[in-house]
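Novice: Sequence and computational prediction follow.
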Amino acid sequence: MAEIDRYRPEDRRGVEALYRRVFGHDAAEASRLRWDWQYRRNPNNPAEGPLIWLAREGTAIVGQYAAMPVRLSLKGREVDAAWGMDVMVAPERQRQGLGEMLFRTWDRHVGASLGLGLSESSYRLFRKLEWPDVGPVPCLVKPLTRRALRRPHWPTFANRIVSALTLPVVKIAGRALPLRAHVEPIRRFDATFTELWDRVAPRFDLAVRRDEAYLNWKYATPPHIRYSIAALRRDEGTAGYAVYRHVHEPRGRATIIADFLVDPDDETGLRTLVGWVDREARSADSDKIRCFAMHAGFRRILRRSGYFHVKSTMEFVVKVNALDLPRGFYEERDAWHVTLGDSDQDR
Ligand SMILES: CC(C)(COP(=O)(O)OP(=O)(O)OC[C@H]1O[C@@H](n2cnc3c(N)ncnc32)[C@H](O)[C@@H]1OP(=O)(O)O)[C@@H](O)C(=O)NCCC(=O)NCCS
């Protein structure tokens, strides 16, 4: 019978070996590179250290549930929450109930349990355990060139025809937007971003607390990814930010907006920020810009700025334990702010 308890520093090698067996060598190497940052340097970590549970059988580690602690704000009321991630059970011990034990242990210890971008097996386990299913997080794309509409699995001639037919649409949607406030690139977030968060937090029914410490950890210091950060400034102070990066994909280049924040009523602010990202994407020679966004108001502004909804596979589950929620909480998701940068989806 397996026992579940917390991770200890001497477990590191055993966990790495299990990770290699379950996810393969490359994924294990990538995880090893970001492990210290991801699990030890999270500013929301509890005093006892990383929020990781292990399933042990004797001296063997047969399962893990690793979580990323965050403060979750529900209309400005905060609870301790954690994104579930790097969940695994040894192949020969799967489908025997260990996963369920690990998921339940995690859930018992947090004010809200959150999951993003799930694998087929974990998504099914969440369904079986009756977690509220609230996803997927919508995905929007702004095409900048004809190559934006190519599909990796289509033959070349089909891609060429689609490119030719859609050129007029791309030209209109992809036009540059004028900038209406001051935007500047920054390397680190300062205390004015915590002030911005405190001001806008009550406007969101659900969002992870985005304060100075969290933002610097998440976007200024990850060892595996280099983000660009743009700050929106007004005379009154900091009014927003956007975090983005440029990537090579099988059929071209894309700019990904990992995270952003403005007051949901600040249409000019968000349009200014996405206008900045437009310019950056063009100078990086990107074919499109991709952004995941749950908030209905933000999506409306993005659509007015040339973005289109595309199919999203980023499943999202959430279960709030620490508060009594109003009826219909899980169905009313228009004022939830969730992006690709949440959890550890952007790797
Ligand atoms: C996800 C995982 C941790 C679940 O652990 P587990 O010990 O197998 O889970 P349990 O035995 O407690 O629960 C089994 C339930 O999970 C779901 N499930 C687990 N593996 C599944 C699979 N391969 N296909 C479909 N459903 C699966 C089913 O709902 C299943 O219920 P059932 O057996 O009654 O059909 C394990 O399958 C795993 O390590 N998967 C590979 C790594 C992974 O995908 N991690 C998640 C990253 S987000």
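Specialist: Structure's in. What do you need?

Novice: and the stretch 101-250 of the chain, which of its residues are near the ligand?
Specialist: Applying the criterion CB under 6 Å from any ligand atom, the portion of the stretch 101-250 of the chain that neighbours the ligand consists of 118-122, 124-125, 128. For the C-beta atoms, the positions are set from N, CA and C on the backbone; glycine is no exception.

Novice: neighbour-wise, which of those leads?
Specialist: By neighbour count, taken as other CB atoms under 10 Å, the most surrounded of these turns out to be L118 (22 neighbours).

Novice: sorry, back to before: switch the residues of the stretch 101-250 of the chain next to the ligand over to CSV; also include pLDDT and secondary structure.
Specialist: Output for those, formatted as CSV (pLDDT from 0 to 100; DSSP: H, G, I helix; E, B strand; the rest coil):
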residue, pLDDT, secondary structure
L118, 91, coil
S119, 90, coil
E120, 92, helix
S121, 92, helix
S122, 92, helix
R124, 93, helix
L125, 94, helix
K128, 94, helix
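
Novice: now the nearest residue to R93 once chain neighbours are set aside, what's its secondary structure?
Specialist: Counting by CB to CB, 6 or more residues apart in numbering, R93 lies nearest to V62, which is 4.9 Å off, once chain neighbours are set aside. Classification of V62 into helix, strand or coil gives strand, according to DSSP: H, G, I helix; E, B strand; the rest coil.

Novice: rewinding a little: which two among the residues of the stretch 101-250 of the chain next to the ligand are spaced furthest apart?
Specialist: Across these, the longest distance by CB to CB is 14.1 Å; it joins S119 and K128.

Novice: Can you tell me the closest non-neighbouring residue to R226?
Specialist: In space, not counting the residues next to it along the chain, R226 is nearest to R245; the distance is 6.7 Å by CB to CB, 6+ apart.

Novice: The one you found against A254, yeah?
Specialist: No: assessed by CB atoms under 8 Å, R245 is found out of contact with A254, at 9.5 Å.

Novice: Specify the beta-bridge partners of I229.
Specialist: I186, V243 (DSSP bridges).

Novice: quick one, what contacts A191?
Specialist: E212 (CB atoms under 8 Å, 6 or more residues apart in numbering).

Novice: Could you count how many residues lie near the residue in the stretch 201-347 of the chain positioned nearest to the ligand?
Specialist: Among the residues of the stretch 201-347 of the chain, E315 lies closest to the ligand, at 9.3 Å counting by CB to the nearest ligand atom. Other residues near E315 number 19, with proximity taken as other CB under 10 Å.

Novice: And Y219, by the same measure?
Specialist: 24.

Novice: so F204 touches L72, yeah?
Specialist: No: taking CB under 8 Å as the contact criterion, F204 and L72 are not neighbours in contact, 10.3 Å apart.

Novice: Name the residue in these two with the higher neighbour count.
Specialist: Set F204 next to L72 and count neighbours by other CB under 10 Å: L72 wins out with 25 against 21.

Novice: re earlier: correct me, but the residue of the stretch 201-347 of the chain closest to the ligand touches S119?
Specialist: No: shown here, E315 and S119 do not form a contact pair, counting by CB under 8 Å, at 9.3 Å.

Novice: In JSON lines, list the residues of the stretch 101-250 of the chain next to the ligand along with distance to R108.
Specialist: Below are these laid out as JSON lines (distance: CB to CB, whole Å):
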{"residue": "L118", "distance to R108": "20"}
{"residue": "S119", "distance to R108": "22"}
{"residue": "E120", "distance to R108": "25"}
{"residue": "S121", "distance to R108": "21"}
{"residue": "S122", "distance to R108": "18"}
{"residue": "R124", "distance to R108": "21"}
{"residue": "L125", "distance to R108": "16"}
{"residue": "K128", "distance to R108": "17"}
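
Novice: ok, back up a step: what residues are shared contacts of F204 and L72?
Specialist: Between them, F204 and L72 share no neighbouring residue, with contact defined by CB under 8 Å, 6+ apart.

Novice: Break this structure down into its domains, please.
Specialist: When the chain is parsed with automatic domain parsing, its domains come out as 3-128, 139-311.

Novice: in the stretch 101-250 of the chain, which spans are helices?
Specialist: Taking DSSP state H, counting those that start in this stretch as the test, the helices found in the stretch 101-250 of the chain are 120-128, 156-173, 191-200, 212-215.

Novice: Show me what the helix or strand bottoming out on mean pLDDT in the chain is packed against.
Specialist: The weakest-scoring helix or strand in the chain, judged by mean pLDDT, DSSP states H and E, is helix 156-173 (a mean of 73). In terms of contacts (3 or more CB pairs under 8 Å, 6 or more residues apart in numbering; DSSP states H and E), helix 156-173 is packed against strand 139-143.

Novice: now for the strand it packs on, which elements pack on it?
Specialist: Checked by 3+ CB pairs under 8 Å, 6+ apart, strand 139-143 has helix 156-173, strand 288-292, helix 296-304, strand 308-310 packed alongside it.

Novice: This completes my enquiry, with thanks.
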